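Asks: Would you be able to build a 3D model of this:
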Amino acid sequence: MKVAEKFTLRLSRFNYLKHAVILLRLFILIAVLPCSGWAQITYTELLPSGMSQAHAHAVNNNGMIAGDGTYPGYWEGFIYSDGTYTDLALAGWTSTHAFGINDYGEVVGFGNDGIADKGFVYDGASYTALIPPGWLWAEAHGINDSGDVVGFGEIGSIIKGFIYSAGAYTELVPPGWLWSKVYGINDSGDVVGFGSDGTAVKGFVYSGGAYTVLMPPGWTQSYAYDINSSGEIVGLESDEMGGRGFLYSGGTYTELMPPGWSFMYVWIVGPKINNNGSVVANGYGGGWKGTLYKDGVYTELFPPGWSYAFVNDINDNDIAVGWGNNGAGSIVGFTVTTESSCSSLAVKNEDSAFEYNSLQDAYDAATNDNVIKGRNVTIVESLVVDQSKTIILKSGYDCSFSIIEGITTVEGDMQISDGRLILSSGKLVLQ
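Replies: Residues are numbered from 1 along each chain as shown. Okay, here's the model as predicted:
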């Protein structure tokens, strides 16, 4: 491993290797770097009175939280709002679990009525049991602001997804597929899930009556879990240990894997994405942890002193919820808020004073001999240096781009075919 504080990368199309491309892999210096833009990350435990443990599964944009926990001998769902817990207790049911909540406070989940597992929707005043006619059991996992509910269940020996809208059920199984499960729905009624076409497990999106397969290039299986209002989708390579994450946006797949992590993991549900493109997911990186992926930067979500933590959802205000072991032996839910005192983006052109989230965007917009400064963050992207110009890159700056306080880390490929990139006033690890 070589650490370079300052060096010049230079290729001339005509004087060196014509049209040659050098590929350099840039790796992380340490497993996780705290993003200097966060003023503080605040965790708050959630445990309804009388419950011995609790899980927080979903949060809406008004800060209402849906989850579940255990009273002696049984599980029960709950809603947490403005400091008050409300039990979700259906008459005659032996258990309830809450997994989704929309901005009107409508909650979906599933439980057992003493005969079978059934989904339910709670509108704040009454419950409606959800199970398509003839099905053996059903679970409800997602609800949009129109009250459309998605989930899955079993009819015969086949697992099928469904959508419940305006009092009617519609099966969601791509034509010819053997089975499916559905987890996510956005306010436009677009639905995501996964299933098997007989050859492999594949993700899919159902929109406008048509199915589209979701499979990142080179992957052999995929599982789609959530979709936002812009049609951005998140999922995993596997619903078992060993998977990678993916973000699908504008027809392009981006692989998700926090620096230093071994794999991403599903506990009950997979990654979630809010309407601003912020993603939360879980995996193993020296312990079971959650992560927030925002603007190409990963931030670890792991309450101090806890044994493990899983993050299950995030709202448009970047308030996330989850659950874990608080280090004292108690399994409790939690909320996490990330407050930023820094409004600066990740990269700044010192000459033009323009700021960018992407190092590639900053390079493309720069002119000859411009100085580009990167903040003390991790940027996940591939950088293509292919223009006949000299650019000076300085790294590790604070929010004001005035003091070097750390390292600007780029995780991805660097392709250089022309010009010069001078790396100055910082460190890179090349491997």
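
Asks: Nearest the geometric middle of the chain, what residue?
Replies: With distances taken as C-alpha atoms, centre = their mean, the residue of the chain nearest its centroid is residue 279 (2.7 Å).

Asks: right, and it touches residue 273 too?
Replies: Yes: counting by C-beta atoms under 8 Å, residue 279 does reach residue 273; the two are 4.9 Å apart. Quick note: C-beta positions are derived from backbone N, CA and C, even for glycine.

Asks: Can you check which residues contact both of those two?
Replies: Overlap of the contact sets of residue 279 and residue 273 (by C-beta atoms under 8 Å, 6 or more residues apart in numbering) consists of 234, 247, 314.

Asks: which among the residues you listed gets closest to residue 152?
Replies: Nearest to residue 152 among the shared contacts of residue 279 and residue 273: residue 234, at 18.2 Å, using C-beta to C-beta.

Asks: How much space separates the closest one from residue 272?
Replies: 7 Å (C-beta to C-beta, to the nearest Å).

Asks: any residues in contact with both of these two?
Replies: With C-beta under 8 Å, 6+ apart, residue 234 and residue 272 have common neighbours 225, 226, 279, 281.

Asks: Now for the first one: which residues touch it?
Replies: Just to be clear, that refers to residue 225. 183, 184, 192, 234, 235, 236, 266, 269, 270, 271, 272.

Asks: what's the helix or strand for the first one?
Replies: This means residue 183. Following DSSP states H and E, one finds residue 183 within strand 179-185.

Asks: Could I get the buried residue list for that strand?
Replies: By 16 or more other C-beta atoms under 10 Å, the buried positions in strand 179-185 come out as 179, 180, 181, 182, 183, 184, 185.

Asks: now whatever helix or strand comes next after it against strand 179-185, angle please.
Replies: Downstream of strand 179-185, the next assigned helix or strand under DSSP H and E is strand 191-196. Between the axes of strand 191-196 and strand 179-185, defined by axes from the mean of the first three to the mean of the last three C-alpha atoms, to 10 degrees, the angle is 160 degrees.

Asks: what about dumping the CA coordinates of the helix or strand just after strand 191-196 to CSV?
Replies: Along the chain past strand 191-196, the next helix or strand (assigned with DSSP H and E) turns out to be strand 201-207. The C-alpha trace of strand 201-207 is given here as CSV (Å, rounded to 0.1, in the frame of the first residue of the first chain):
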residue,chain,number,x,y,z
VAL,A,201,-35.0,-14.8,-7.9
LYS,A,202,-35.5,-11.4,-9.5
GLY,A,203,-36.7,-8.0,-8.4
PHE,A,204,-39.5,-6.3,-10.2
VAL,A,205,-41.5,-3.1,-10.4
TYR,A,206,-45.2,-3.0,-11.3
SER,A,207,-46.2,0.3,-12.8
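
Asks: any idea of the mean pLDDT in strand 201-207?
Replies: Strand 201-207 carries an average pLDDT of 97.

Asks: Stretch 411-426 too?
Replies: Average pLDDT, stretch 411-426: 83.

Asks: And it, what's buried?
Replies: For stretch 411-426, the neighbour count (16+ other C-beta under 10 Å) marks 411, 412, 414, 416, 417, 418, 419, 420, 421, 422, 423, 426 as buried.

Asks: Then stretch 279-286?
Replies: Within stretch 279-286, the residues that count as buried by 16+ other C-beta under 10 Å are 279, 280, 281, 282, 283, 284, 285.

Asks: Need the CA coordinates for stretch 109-122. PDB is fine.
Replies: Taking C-alpha atoms only, stretch 109-122 is exported to PDB below (Å, rounded to 0.1, in the frame of the first residue of the first chain):
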ATOM      1  CA  GLY A 109     -49.200  -4.900   9.400                       C
ATOM      2  CA  PHE A 110     -50.300  -8.400  10.200                       C
ATOM      3  CA  GLY A 111     -51.200 -10.700  13.200                       C
ATOM      4  CA  ASN A 112     -53.100 -13.700  14.100                       C
ATOM      5  CA  ASP A 113     -56.800 -13.800  14.700                       C
ATOM      6  CA  GLY A 114     -56.700 -17.200  16.400                       C
ATOM      7  CA  ILE A 115     -57.100 -19.000  13.100                       C
ATOM      8  CA  ALA A 116     -54.600 -17.700  10.700                       C
ATOM      9  CA  ASP A 117     -52.100 -14.800  10.100                       C
ATOM     10  CA  LYS A 118     -53.900 -11.900   8.400                       C
ATOM     11  CA  GLY A 119     -52.900  -8.500   7.300                       C
ATOM     12  CA  PHE A 120     -54.700  -5.400   8.700                       C
ATOM     13  CA  VAL A 121     -55.100  -1.700   8.100                       C
ATOM     14  CA  TYR A 122     -55.900   0.700  10.900                       C
END
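
Asks: which outside residues touch the strand or helix carrying residue 280?
Replies: Here residue 280 sits within strand 279-284, counting by DSSP H and E. Applying C-beta under 8 Å, 6+ apart, the contact partners of strand 279-284 are 234, 236, 241, 245, 247, 256-258, 261-267, 270-273, 288-294, 301, 310-314, 320, 322.

Asks: Give me the buried subset of the residues you listed.
Replies: Buried subset of the contacts of strand 279-284 (neighbour count, 16+ other C-beta under 10 Å): 234, 236, 245, 247, 256-258, 261, 263-266, 270-273, 288-294, 301, 310-314, 320, 322.

Asks: What about those, which are in strands?
Replies: Counted as lying in strands by DSSP state E, out of the buried ones among the contacts of strand 279-284, are 234, 236, 245, 247, 256, 263-265, 272-273, 288-294, 301, 310-314, 320, 322.

Asks: related to what we said a few turns ago, and which of the shared contacts of residue 234 and residue 272 is nearest residue 378?
Replies: Looking across the shared contacts of residue 234 and residue 272 and measuring by C-beta to C-beta, the closest to residue 378 is residue 279, at 14.5 Å.

Asks: looking at the sheet around the closest one, what are its partners?
Replies: Taking DSSP bridges, one obtains residue 273, residue 293 as the residues bridged to residue 279.

Asks: separation between it and residue 115?
Replies: Distance, residue 279 to residue 115, using C-beta to C-beta: 38 Å.

Asks: ok, now residue 181?
Replies: Distance of residue 181 to residue 115, computed by C-beta to C-beta: 22 Å.

Asks: Tell me how many other residues surround residue 112.
Replies: 17 (other C-beta atoms under 10 Å).

Asks: sec struct for residue 103, please.
Replies: Assigned by DSSP: H, G, I helix; E, B strand; the rest coil, the conformation of residue 103 is coil.

Asks: Pull the contacting residues for it.
Replies: By C-beta under 8 Å, 6+ apart, the residues touching residue 103 are 60, 61, 62, 145.

Asks: Buried members of those into PyMOL, please.
Replies: The following PyMOL line selects those of those that are buried, judged by 16+ other C-beta under 10 Å:
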select buried, resi 60
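
Asks: Dump the contacts of residue 103 into a markdown table; add pLDDT as well.
Replies: Shown next, in a markdown table, are these (pLDDT from 0 to 100):
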| residue | pLDDT |
| --- | --- |
| 60 | 95 |
| 61 | 92 |
| 62 | 91 |
| 145 | 96 |
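
Asks: Alright, calling it a day.
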